[in-house]
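Colleague: return a 3D structure for these sequence lines:
(one chain, ligands or ions: 1)
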Amino acid sequence: MKRILVNGAGGFIGGHLVKRLKAEGCWVRGVDIKHHEFAVSHADEFIIGDLRDQRIMADVMKGIDEVYQLAADMGGAGFVFTGEHDADIMYNSATINLNTLHFGVKAGVQKFFYSSSACIYPEYNQTDPLNPECSEDSAYPAAPDSEYGWEKLFSERLYLTYMRNYKVRVRIARFHNIFGPEGTWTGGREKAPAALCRKVASAEDGGEIEIWGDGRQTRSFLYIDECLEGVRRLMESDFTGPVNIGSDEMVTINQLAQMIMRIAGKAIAIKPVPGPLGVRGRNSDNRLIAEELGWKPSCPLYEGLEKTYQWIQEQVAISQSPQLTTVSLVA
Ligand code: NAD
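Modeller: Have a look, this model is predicted:
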């Protein structure tokens with residue numbers, strides 16, 4: 001039985017990945033600085049620990065065959081584009097990645113998965129909302145629009161150096177906006193799909209919600225199950241990457257909001273307000289993943305949003321009812 005370590009198992013993607021690896025029959029150790037906020041972990045062992053701490057990292061690597069490194073100090077535009085968290089983002093995430101590789105190699109780990117991001121792509125290729133360029137080989141000359149993206153790019157390179165110098169196997173994916181149930185939906189670190197689901201769920205029919213910017217900025221969003229399918233296929237393939245794991249169904253933020261309103265059955269006005277925005281356009285280029293893995297994500301955005309909206313609507317209802325909060329904590 002393969003022994004797997006999932007760093008960031010108390011987070012959104014890590015929590016879902018643990019479930020998937022367990023369903024596949026692996027033995028899984030999860031580590032995070034906190035418990036999962038929305039689900040009980042399926043891991044065989046769940047360790048609360050700070051992965052910046054070298055002693056913790058040395059301990060959790062013991063007896064492990066493969067590592068999925070998902071721990072990062074991260075959030076949506078409201079967290080990474082304000083500039084207020086840049087030093088922490090860079091220090092915390094880089095330290096986790098340095099520790100993962102150093103102590104993983106020391107403990108004899110054979111294979112590492114690293115979750116990079118579409119945020120590594122140069123800002124200069126993403127100024128036209130209808131024609132963003134995000135093919136994997138467009139990453140250089142590098143010019144990410146956030147320090148979060150620069151750290152991801154540094155860490156991609158770090159994993160590749162360990163592959164070259166220490167002969168371990170490495171797989172790198174560049175995730176493009178992953179969404180789904182059991183992810184952060186409030187508090188400042190949430191991303192656009194979750195934030196919009198929350199706003200729509202909280203608004204009255206005929207009411208109004210705020211959107212940052214003019215809403216004509218474009219993005220694509222990938223449902224969590226498809227992300228995990230891509231990760232597992234990449235891990236089992238001979239391809240190192242970096243490779244995009246994202247949807248190529250590009251929409252404007254206004255269109256995303258309208259889809260959610262349709263799901264909710266509510267007519268709501270959109271009020272543009274100033275806010276942190278990121279690049280003007282971004283879409284996943286899926287040619288390389290199709291070529292290398294013979295697969296690419298295909299789940300329509302609308303279907304993933306239906307499942308996500310339902311879950312967030314329940315969270316909003318629970319948060320507004322003290323009685324329900326008690327029930328859900330007991331259960
Ligand atoms: P998340 O914030 O839900 O999960 C990250 C987890 O890392 C959190 O549970 C957090 O507590 C943990 N963590 C942070 N610092 C830690 C530390 N010092 N020690 C131990 N644990 C620590 O984020 P996610 O959406 O699940 O993302 C997982 C990975 O995928 C991250 O590396 C992220 O940068 C990358 N990624 C995600 C997306 C996306 O759209 N969700 C897009 C691109 C890349």
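Colleague: contact residues of the protein facing the ligand?
Modeller: Residues of the chain found near the ligand (CB under 6 Å from any ligand atom) are 8, 10-14, 32-34, 50-52, 70-74, 92, 96, 115, 117, 175, 177-178, 184, 191. In this view, the C-beta of every residue, glycine as well, is placed from N, C-alpha and C.
Colleague: what's the PyMOL syntax to select whichever of those are buried?
Modeller: Of the residues of the chain next to the ligand, the buried ones can be selected in PyMOL as follows, counting by 16 or more other CB atoms under 10 Å:
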select buried, resi 8+10+11+12+13+14+32+33+51+52+70+71+72+73+74+92+96+115+117+175+177+178+184+191
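Colleague: narrow the residues of the chain next to the ligand to those in helices?
Modeller: Of the residues of the chain next to the ligand, the ones assigned to helices by DSSP state H are 12-14, 92, 96.
Colleague: what about the closest residue to Pro300 other than its chain neighbours, how many residues nearby?
Modeller: Spatial nearest neighbour of Pro300, chain neighbours left out: Glu249 (6.8 Å); criterion: CB to CB, 6 or more residues apart in numbering. Counted with other CB atoms under 10 Å, residues neighbouring Glu249 total 17.
Colleague: equivalent analysis for Arg287, please.
Modeller: The burial count for Arg287: 13, using other CB under 10 Å.
Colleague: so it sits right up against Ser135, yeah?
Modeller: Yes: counting by CB atoms under 8 Å, Arg287 touches Ser135, with 6.9 Å between them.
Colleague: got the contact list for the most centrally placed residue in the chain?
Modeller: Residue closest to the average C-alpha location in the chain (CA atoms, centre = their mean): Ile178, at 5.0 Å. Neighbouring residues of Ile178 by CB atoms under 8 Å, 6 or more residues apart in numbering: 12-13, 221-224, 227.
Colleague: could you report the separation of Thr82 from Ile89?
Modeller: Applying CB to CB, to the nearest Å, the value for Thr82 to Ile89 is 11 Å.
Colleague: and for this structure, the residue most distant from the center?
Modeller: Most peripheral residue of the chain (CA atoms, centre = their mean): Gly206, 32.4 Å.
Colleague: next one: that one from Met261, what distance?
Modeller: Gly206 is 11 Å from Met261, by CB to CB.
Colleague: part of a strand, is Phe112?
Modeller: Yes: under DSSP: H, G, I helix; E, B strand; the rest coil, Phe112 falls within a strand.
Colleague: that one bridge partners, please.
Modeller: Val67, Val170 (DSSP bridges).
Colleague: take the contacts of Ile178 and write them to JSON lines, including pLDDT and secondary structure.
Modeller: Below are those laid out as JSON lines (pLDDT from 0 to 100; DSSP: H, G, I helix; E, B strand; the rest coil):
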{"residue": "Phe12", "pLDDT": "97", "secondary structure": "helix"}
{"residue": "Ile13", "pLDDT": "98", "secondary structure": "helix"}
{"residue": "Phe221", "pLDDT": "98", "secondary structure": "coil"}
{"residue": "Leu222", "pLDDT": "98", "secondary structure": "strand"}
{"residue": "Tyr223", "pLDDT": "98", "secondary structure": "strand"}
{"residue": "Ile224", "pLDDT": "98", "secondary structure": "helix"}
{"residue": "Cys227", "pLDDT": "98", "secondary structure": "helix"}
